[in-house]
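> can't give you the sequence, but here's the structure:
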């Protein structure tokens with residue numbers, strides 16, 4: 001299977017690695033539940049992937065662990081990518097927020113700050129904030 005870069009509805013490039021991170025974060029607790037697999041299929045279809053392609057990526061990533069980015073900028077970028085994928089259909093479901101929260105935990109953010117940074121991220125993307133402005137709000141929410 002040949003992979004290409006994917007584009008979100010806002011034109012931001014999301015590549016194969018970003019989708020793989022979604023898969024890895026979904027497995028971070030050691031299992032991939034039915035609801036998580038359904039959510040991955042929903043998000044994968046937003047990338048234009050077929051269900052068999054999504055299943056193949058999930059299978060390929062079975063043995064790989066997620067390694068969160070080190071820098072705050074990279075963590076922001078990954079969280080931003082996931083939030084954009086979630087917002088692609090303009091419907092934010094509980095299991096999608098759970099995925100975003102799971103990534104934030106895996107990325108090492110303080111538990112007491114996670115809900116705030118998720119809110120900043122979702123609302124900033126909805127409002128069309130620039131990456132720079134959203135990153136400033138994001139850093140402020142971490143204080």
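Okay, I see it. Everything numeric in this text was worked out from a predicted model, so none of it was measured. Numbers count the residues shown, from 1 in each chain.
> which phi and psi does the most centrally placed residue in the chain have?
For the chain, the residue sitting closest to the mean C-alpha position, by C-alpha atoms, centre = their mean, is residue 82 at 2.2 Å. Phi and psi for residue 82, reported as degrees, to the nearest 10, are phi -60, psi -40.
> please, where are all the helices along this protein?
For the chain, applying DSSP state H gives helices covering 16-26, 34-46, 51-60, 72-87, 94-106, 111-127, 131-141.
> for the first one, packing partners?
By that I understand helix 16-26. strand 6-7, helix 34-46, helix 51-60, helix 72-87, helix 94-106 (3 or more C-beta pairs under 8 Å, 6 or more residues apart in numbering; DSSP states H and E). From N, CA and C alone the C-beta is placed, and that goes for glycine too.
> mean confidence (pLDDT) on that helix, please.
Average pLDDT, helix 16-26: 74.
> residue 91: how many residues sit nearby?
9 (other C-beta atoms under 10 Å).
> show the model's pLDDT score for it.
78.
> and the gap between it and residue 108?
With distances taken as C-beta to C-beta, to the nearest Å, residue 91 is found 29 Å from residue 108.
> remind me which residues of this protein are low pLDDT?
Applying pLDDT under 70 to the chain flags residues 1-17, 28-30, 63-66.
> what does the domain assignment say about it?
6-63, 72-141 (automatic domain parsing).
> ends of the longest one, how far apart?
Between the opening and closing residues of domain 72-141 there is a gap of 13 Å (C-alpha to C-alpha, to the nearest Å).
> quick revisit: nearest to residue 140, out of the helices and strands packed on helix 16-26?
helix 72-87 (12.2 Å; C-beta to C-beta).
> that closest one packs against which elements?
Short answer (3+ C-beta pairs under 8 Å, 6+ apart): helix 72-87 packs on strand 13-14, helix 16-26, helix 34-46, helix 94-106, helix 111-127, helix 131-141.
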